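Participant: Mind looking at a prediction? Sequence and model below.
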Amino acid sequence: MAPPARPRSRHWQWLLLIPTAAPLLTPFANRIEPTLLGVPFFFWYQFACALLATVVITVVYLATRGERP
Amino acid sequence: MTDRGIEVGVFLALMTLVVLVGFGAARWRRPADPYDIEEWSVGGRAFGNWTIWFLLGGSMYSAYTFIAVPALTYGVGAIGWFAVPFAIVTTPLTFYFTTRAWSVARRHGFLTHSEFATARFGSPGLGALVAITGILATIPYVAVQLISLQAVLRTIGFGGEWPLLAAVTLVSVCTFRSGLRAPALLSVVKDVLLGWMLLTAVLMVAMYGGWGSTFRIAAHRFATSPNPADGLLLPDTGHLGFLTLVIGSALAIFAYPHALVGMLAAKDRDTVRRNAAALPVYCMALAVMAMLGFFALAQGVTPADGDLNTVVPRMIHEYFPAWSAGIAYAALSIAALIPAAVMSIAAANTFTRSLYRTYLRPGASPAAEAWTSRWTSLFVKFGAAALILAVDPAFSVDLQLIGGVLILQTIPAVFLGLLTGWFHRAALTAGLLSGLTVGLVMMWDIPKLDATGRVVADHFGGSSWPLGDGRTIYVGVVALAVNLLVTVALTLLLRAVGSAGGRDRTRPDDYLADAGDPYLKRLDELIDGLPTAAERRERVG
């Protein structure tokens, strides 16, 4: 399906796999300690994932802006 | 003035404002013909960054989420937290997939997933099947929004049927008149109020001992409850059910008709992409709401009549200052009405484009399409209201769960279809039908249990399939796996015997098209002979 020659900047999109996978690591995040402001790890981990998603998507957006094969 | 009086006064004043904004919305950036279907249902595909961001927040993060998710964490703890990772996972997927969906829809003038399925796989029948699944899944989704609204209204003291019907009538008239412009403008109002509510809530938690003591007391309450599956953490047997629910729910977002409508209203690709980057802010708002369930539990808030949906409204009444409570009730009510409006627009478009125009009246004029969509949207909302008023409300909640499993079965056509046109149309149809069958049979087989584990009904007791060893798995994901297996196996088979699939009317370029592309307009004329939105506007004006 892909057009024959894609500019290199399209590879930045693979970074999106990180924020897609991170929130799914709940079996490893299933613990109380360390707490942050009294919030158990299991819960604040997802806040961190949301921040990570914003950062990664912004990076990919900036890196691929204006590029269209 | 009593506290209750202030609450009700603030609430009514804000709701009056909402109705005025909803009515006035038709005049907002008024197009030549507000009842062209593109104008009415996707705002002429001209909304910018901020409007889209608010609109998406308004249509996806609904009152049902803000009321049902804390109700779940209140009731069962960690399992209810599934909504948060699910929401976060959708954001990077939105960045990639929804941008492609926007481009191909912009290029071909699609308003719905079902039209895309028809064009991609050359099969109006597949499109119709996708459309019917979408409409069936959407109506109970509208109904659960209205249930949340009813829970709020009941807490304020407006019990019974008439307040709900009045609210539904008002929002229906606003939508009928202003189309997607009404929910878009109201979303801004809603987010301001909701922001206030979250701020109040966070201050409230700080005043009553902070998160540390909230979680300590909540943990203690879970430890002393009879239910072994609840708690602040997932039990060892809980991971499979939790993760499959997260993945299934996240994928379903890309198949529900209403989730697409908001994005299609964006004016260009970059608006969609920038929005994906900003959407996690809503995930965090949802996460704070979900943690309020633990606060309600720690403070010993009790639901009215055993209805867990009233936990959040009651917590607001007991712990917020009266005027802040009025604001919070207004925020939650608008948060129920906006998605109801967007969902009804989406379901109406789906009907108009994939059933009415394909089978009932081919070659319907844009005016006839818009007229059909506007009336169908009324039908959807009042149908949903009838569903909860005439039938047991609990039935709508069950139907919504079932709808989630059903809509997931359109994923191969409408989501994977954005990546590849490899699937054979007959295989997709067979896969969809087998997925629907497997999902329904499995859910039919799940007995309904009450809190103590006693069987209260033999069938349709949820969407978690027990595996026998204490673990469960989300039915939607199992059905989707069967669906995909059938689709892939049949596609291979049909290709092996040389059966050509339908003609793919989209081209690889279409998935990257952007507003302002010179070829966009030219291709419209060359390939489809369709008038572009701009031309249509000229013709009308």
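Facilitator: Received it, and whenever you're ready, just let me know what you need.

Participant: From here on, just use CA atoms for contacts and neighbour counts.
Facilitator: Noted.

Participant: Please, where are all the helices along chain A?
Facilitator: Taking DSSP state H as the criterion, chain A contains helices spanning A:17-21, A:26-29, A:41-64.

Participant: Could you identify which of those helices has the lowest mean pLDDT?
Facilitator: Of all these, mean pLDDT reaches its minimum on helix A:26-29 (a mean of 86).

Participant: I would like the residues contacting it, please.
Facilitator: Applying Cα atoms under 8 Å, 6 or more residues apart in numbering or on different chains, the contact partners of helix A:26-29 are A:F41, A:F42, A:Y45, B:H239, B:L243.

Participant: which residue is nearest the middle of the chain?
Facilitator: Chain wasn't specified; assuming chain A. For chain A, A:P19 is the residue whose C-alpha lies nearest the centre (Cα atoms, centre = their mean; 2.0 Å).

Participant: Switch to chain B, please.
Facilitator: B:M60 (5.0 Å).

Participant: and the gap between it and B:G501?
Facilitator: Distance, B:M60 to B:G501, using Cα to Cα, to the nearest Å: 35 Å.

Participant: tell me the contacts of A:T35?
Facilitator: Here A:T35 is in contact with A:F41, A:W44 (Cα under 8 Å, 6+ apart).

Participant: Got phi/psi on B:L111?
Facilitator: phi -110, psi -10 (degrees, to the nearest 10).

Participant: Return the distance of the residue in chain A that chain B sits nearest to relative to B:A206.
Facilitator: Relative to chain B, the nearest point of chain A is A:G38 (3.7 Å; Cα to the nearest Cα). To B:A206, A:G38 is 11 Å away according to Cα to Cα.

Participant: When the two are compared, which one has more neighbours?
Facilitator: Per other Cα atoms under 10 Å in any protein chain shown, whichever of A:G38 and B:A206 has more neighbours is A:G38, with 17 against 14.

Participant: can you give me phi and psi for B:Y474?
Facilitator: phi -70, psi 120.

Participant: Just grab the bridge partners of it for me.
Facilitator: For B:Y474, the beta-bridge partners under DSSP bridges are B:S464.

Participant: With B:L449 as the reference, measure out to it.
Facilitator: 17 Å.

Participant: Quick check: the gap between B:P140 and chain A.
Facilitator: Applying Cα to the nearest Cα, to the nearest Å, the value for B:P140 to chain A is 28 Å.

Participant: hang on, that residue packs against B:A394?
Facilitator: No. Applying Cα atoms under 8 Å as the test, B:P140 and B:A394 come out as separate, 10.9 Å apart.

Participant: Chain A against chain B: which residues are in contact?
Facilitator: Contact residues (Cα under 8 Å from any Cα of the partner chain) of chain A with chain B: A:1-3, A:13, A:16-17, A:19-21, A:23-24, A:26-27, A:30-32, A:37-40, A:42, A:46-47, A:49-51, A:53-55, A:57-58, A:61, A:65, A:68-69.

Participant: among those residues, which ones are buried?
Facilitator: A:13, A:16, A:19-20, A:23-24, A:26-27, A:30-32, A:38-40, A:42, A:46-47, A:49-51, A:53-55, A:57-58, A:61 (16 or more other Cα atoms under 10 Å in any protein chain shown).

Participant: got the contact list for the nearest residue to the residue nearest to the centre of chain A once chain neighbours are set aside?
Facilitator: The shortest distance from A:P19 to any non-neighbouring residue, by Cα to Cα, 6 or more residues apart in numbering or on different chains, is to A:A53 (5.0 Å). Shown in contact with A:A53 (Cα under 8 Å, 6+ apart): A:P19, A:T20, B:I88, B:T91, B:P92, B:A277, B:P280.

Participant: Might you report the residue contacts of B:V189?
Facilitator: Applying Cα under 8 Å, 6+ apart to B:V189 gives the contacts B:V18.

Participant: CA-only coordinates of whichever helix or strand B:T429 is part of, as CSV, when you get a sec.
Facilitator: Secondary structure from DSSP states H and E places B:T429 in helix B:425-444. Only the C-alpha atoms of helix B:425-444 are listed here, as CSV (Å, rounded to 0.1, in the frame of the first residue of the first chain):
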residue,chain,number,x,y,z
ARG,B,425,-15.6,-7.9,0.7
ALA,B,426,-17.3,-11.3,1.1
ALA,B,427,-14.7,-12.3,3.7
LEU,B,428,-15.3,-9.1,5.6
THR,B,429,-19.0,-9.6,5.6
ALA,B,430,-18.7,-13.2,6.7
GLY,B,431,-16.2,-12.1,9.4
LEU,B,432,-18.4,-9.4,10.7
LEU,B,433,-21.4,-11.7,10.9
SER,B,434,-19.4,-14.4,12.7
GLY,B,435,-18.0,-11.9,15.1
LEU,B,436,-21.5,-10.6,15.9
THR,B,437,-22.8,-14.2,16.4
VAL,B,438,-19.9,-15.2,18.6
GLY,B,439,-20.2,-12.0,20.7
LEU,B,440,-23.9,-12.4,21.2
VAL,B,441,-23.8,-16.1,22.0
MET,B,442,-21.0,-15.6,24.5
MET,B,443,-22.9,-12.7,26.2
TRP,B,444,-26.1,-14.6,26.2
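
Participant: Cool, thanks, signing off.
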